[in-house]
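Undergrad: Pasting the sequence and the predicted model now:
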Amino acid sequence: MNERLADAESKRWITKAESDLKHAKKSFDLEDYDWVLLASQQAGEKALKAICIKKGIGLTKTHDLSSLARKLKAPKGIIIEAVLLNPFYTISRYPDLGFLSEEESKNAAVDALNAA
């Protein structure tokens, strides 16, 4: 992919990431914490994928943020945030994987927003 196409594609992914983060913030105001978790994870995922595209690494179809961050050789802080966001993709979608109390969900949502 040439640089111009990579820039355009990267911008499309960043726009989607920003939209997901906006949705996460609105969901927090609505106290819909599962959606905060999912949208925050998706924002982080799309932002990392945008960087992969921009750097010429290409698009990796995965939901594993920590592997994306490591592939990018991201700073340790970004890798830590990616590890934090990783489980929110499944926790928010599959209630049989673990139940969070209302307070735990809210705390997780705050952490997810900060990480995203």
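TA: Perfect, thanks for sending it. What you see is a predicted model; the values in this text were computed from it and never measured.
Undergrad: Only C-alpha atoms from now on, for both contacts and neighbour counts.
TA: OK.
Undergrad: Need the residue closest to the centroid of the chain.
TA: residue 44 (2.3 Å; Cα atoms, centre = their mean).
Undergrad: The helix or strand hosting residue 24 - contacts with which helices or strands?
TA: Assigned by DSSP states H and E, residue 24 belongs to helix 3-29. If you count contacts as 3 or more Cα pairs under 8 Å, 6 or more residues apart in numbering; DSSP states H and E, helix 3-29 packs onto helix 33-54, helix 102-115.
Undergrad: I'd like to know how many residues surround residue 64.
TA: Other residues near residue 64 come to 17 when the count uses other Cα atoms under 10 Å.
Undergrad: Verify the contact between it and residue 85 for me.
TA: No: shown here, residue 64 and residue 85 do not form a contact pair, counting by Cα atoms under 8 Å, at 9.1 Å.
Undergrad: Next, the buried residues of the helix holding residue 24.
TA: Neighbour counts over helix 3-29 (16 or more other Cα atoms under 10 Å) mark 6-7, 9-11, 13-18, 20-25, 27-28 as buried.
Undergrad: Over to stretch 45-64?
TA: Neighbour counts over stretch 45-64 (16+ other Cα under 10 Å) mark 45, 46, 47, 48, 49, 50, 51, 52, 53, 54, 63, 64 as buried.
Undergrad: need those in TSV with distance to residue 106, can you?
TA: Output for the buried residues of stretch 45-64, formatted as TSV (distance: Cα to Cα, whole Å):
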residue	distance to residue 106
45	21
46	23
47	23
48	25
49	27
50	28
51	29
52	31
53	33
54	34
63	23
64	23
